[in-house]
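A.B. asks: structure of the sequence below:
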Amino acid sequence: MKPGLDFPRFSLGTAQFGIPSYGIANQVGQPPYVAIREIVKRAFESGPVGLDTAAEYGESEGLLGQILEELQLKQVAFVCSKISHLEATKDGSFVRNSVIRSLRRLRLETLPLCLFHRAEQLGHIDALVSLKKEGLIQHAGVSVYTPEQAMQAIETPGVDAIQHPLSLLDQRLVRSGVLQRAKSKGIAIFGRSVYLQGLLLLPEEGVPERLTAVKPVRRRLERSAEALAMSLPELALRFAASLEGVTGVVVGLETREQLESNLAMLAKGNLAEEAVKEISSIVPDLPDAILLPNLWG
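C.D. replies: Modelled structure (predicted):
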C-alpha cells in the first residue's frame, strides 16, 4: 500500500440509512435517526471503522454529518463518499461541485476518501488529483463493477483506492488477477456487496424466482460453512476479509444487532488459507445477471 494510506478494515455501508428498502433482504426499511445514531456510536466504540456513503444515497450524507458532529467524531471518522453520477461536463467542474456539496452535508473540511461512482467518470481523475492538492480530499479512487474496469483503474495515475463487488458467489476479483495487481501497485481494494445485497442472508425459500439458479451453489457453500462450524453469513464475511490484497470490506446494515453480529464475526479473524482456496474452487463463474444487483430487474 502507498505510504501514508491508513484505511479501515471494516466500513459501514450507509445506503440503507438514506434510501428506503435498499437491499433485497432489508426487512425494516430506512432506520430512524436515533437508530442510525446508535449504530454509528457503537461502531466507533468498537475500534477503527469507516463510513461509506455517496451523493446518490438520499439523506445518508446529511444524516451522517449531523451524527458525526453530535458525537464529536468529525476529527477521527474515516468517511468515503462518491461523486454524483447524474451530471457531467467536459471540463470536469461537476467533480468539484459534487465534492463541495458532500463536504457541506457531511460537515467536514476534508473528505478522507472520494470515489467516482462509475468507472465512466475515471477520465476526470485529474479533477480529483487537483482536489487532493487543495486539501479538499485526501485520497481518490473509483467504484467499479467488473475486473476489467478495476484493471483500468489500477493503471490510471492518481487512483489510490478501488471498490468492487466481492462475495462468495462473486469470485471475479480472485480469478482475474486484480487483487495481485492492485497489491503490487500499492492500491487499496475494498470489497462491497459481501452478502450480495442480502442474497446470502436469505433462507433458500426466500430467494427470488429470478435468481433461482444460485440455489445449487448456495447449498454447496452452506455445506462448506457447516464443515467449518459457522453460518453462511459468517463464511461470506470472513472469506472476503481473508483474501490477500483486500484492504477492507464494506457492509451495509440497518440495525445495531446486525452491527454486533458483523463485529463478532470479524473478531474471529481470517480463515485459513487452505479454506479460502477450497471455498473459491467450488464456486462456478456465474452470469452478471446474478452477480450484479443492478441487473436483477
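A.B. asks: from now on I want contacts and neighbour counts done on CA atoms only, so please keep to that.
C.D. replies: Noted.
A.B. asks: distance of the closest residue to residue 234 other than its chain neighbours relative to residue 236?
C.D. replies: The shortest distance from residue 234 to any residue other than its chain neighbours is 5.9 Å, reached at residue 265 (Cα to Cα, 6 or more residues apart in numbering). Relative to residue 236, residue 265 is positioned 10 Å away (criterion: Cα to Cα, to the nearest Å).
A.B. asks: sorry, back to before: ok, the residue nearest to residue 234 - contacts?
C.D. replies: Shown here is residue 265, whose contacts under the criterion Cα atoms under 8 Å, 6 or more residues apart in numbering are 234, 237-238.
A.B. asks: quickly find the element holding it.
C.D. replies: Taking DSSP states H and E as the criterion, residue 265 maps to helix 256-267.
A.B. asks: what do you get for residue 142?
C.D. replies: Per DSSP H and E, residue 142 falls inside strand 137-143.
A.B. asks: partners of that strand, with directions?
C.D. replies: Paired strands of strand 137-143, with direction, are strand 111-116 (parallel), strand 161-165 (parallel) (DSSP bridges).
A.B. asks: for these, give me a markdown table that also has distance to residue 217 and mean neighbour count.
C.D. replies: Listed next are the strands paired with strand 137-143 as a markdown table, based on distance: least, Cα to Cα, whole Å; neighbours: other Cα atoms under 10 Å:
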| stretch | distance to residue 217 | mean neighbour count |
| --- | --- | --- |
| strand 111-116 | 32 | 25 |
| strand 161-165 | 18 | 24 |
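A.B. asks: okay if I get the ones you listed as CSV plus distance to residue 82?
C.D. replies: Compiled in CSV, those are given as follows (distance: least, Cα to Cα, whole Å):
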stretch, distance to residue 82
strand 111-116, 5
strand 161-165, 11
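A.B. asks: turn those into a markdown table, including mean pLDDT and distance to residue 102.
C.D. replies: Formatted as a markdown table, the strands paired with strand 137-143 follow (pLDDT from 0 to 100; distance: least, Cα to Cα, whole Å):
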| stretch | mean pLDDT | distance to residue 102 |
| --- | --- | --- |
| strand 111-116 | 97 | 9 |
| strand 161-165 | 97 | 19 |
